[in-house]
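**Student:** Structure for this input, please:
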Amino acid sequence: MYYLVFGLLVFLGVHSVRMVANDWRTKIRKKLGVPAWRAMYSLASLLGFALVVWGFGVARQSPVQWWIPPLGMKHLALPLTLLAFVLLASAYVPGNRIKMRVQHPMAGAVILWSLAHLLTNGNSAHILLFGAFLVWSMLSLAVARQRERSDGTYYHLTVSKGSTGVSVALGVALWIAFTLWLHGLLIGVRPLG
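**Tutor:** As a prediction, the model looks like this:
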């Protein structure tokens with residue numbers, strides 16, 4: 001469990017720098033230069049991610065069960081993860097209406113993904129992993145919205161025809177691929193049994 005905790009601290013810590021130390025981040029980016037900052041950020045993120053994956057795998061080998069999820073939670077998790085994949089896709093497809101309305105679709109995707117997994121898993125490794133991501137994504141969203149209110153910056157996107165449809169189609173396709181094949185291949189658990 002220690003590797004999972006350390007990995008979460010590194011990964012989420014790196015992704016929290018702008019939330020907790022934005023002035024320091026700006027100063028260091030200026031001092032090092034954007035390419036060097038991005039390289040350091042990426043390396044630290046990859047290290048944290050690798051520790052999370054490895055630590056989660058180790059923690060799953062000796063689970064401590066806190067609660068048994070009711071069967072109906074699996075049925076609720078499927079549409080939540082579908083929405084998460086659509087939000088994820090809309091974060092990267094330019095000019096779509098979903099991003100214009102939600103403004104922070106990546107944070108929304110992580111919130112729904114974490115919640116869906118917390119509803120269907122009741123052991124300590126899952127609670128720690130998905131609980132940490134849920135709390136972090138909610139804080140990230142709150143800080144981003146507060147920053148936008150205080151400095152007056154909001155998304156003013158130009159919506160292009162078809163980009164919303166592309167976001168939805170891409171999200172659904174990714175969800176189908178992940179639900180039917182990739183989750184079982186990469187995680188070892190098939191969501192549909």
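**Student:** Remind me which helix or strand the residue lying closest to residue 86 once chain neighbours are set aside belongs to.
**Tutor:** Of all residues not flanking residue 86 in the chain, residue 171 sits nearest, at 3.3 Å (C-beta to C-beta, 6 or more residues apart in numbering). Placement of C-beta: from N, CA and C, glycine included. Using DSSP states H and E, residue 171 sits in helix 163-177.
**Student:** For stretch 129-139, give me every contacting residue.
**Tutor:** For stretch 129-139, contacts defined as C-beta atoms under 8 Å, 6 or more residues apart in numbering pick out 4, 8, 12, 15-16, 19, 52, 56, 107, 110-111, 113-115, 117-118, 121.
**Student:** Report the buried residues of it.
**Tutor:** 129, 130, 131, 132, 133, 134, 136, 137 (16 or more other C-beta atoms under 10 Å).
**Student:** for those residues, which one is nearest residue 72?
**Tutor:** When these are compared for distance to residue 72 (C-beta to C-beta), residue 130 wins out at 18.2 Å.
**Student:** mind checking how far stretch 87-102 is from the chain centre?
**Tutor:** Between the centre of stretch 87-102 and the centre of its chain there are 15 Å (C-alpha atoms, centre = their mean, to the nearest Å).
**Student:** Helices of this structure, residue ranges please.
**Tutor:** Ranges of helices in the chain, per DSSP state H, are 2-14, 17-20, 22-32, 34-61, 72-92, 97-102, 105-120, 124-151, 163-177, 183-187.
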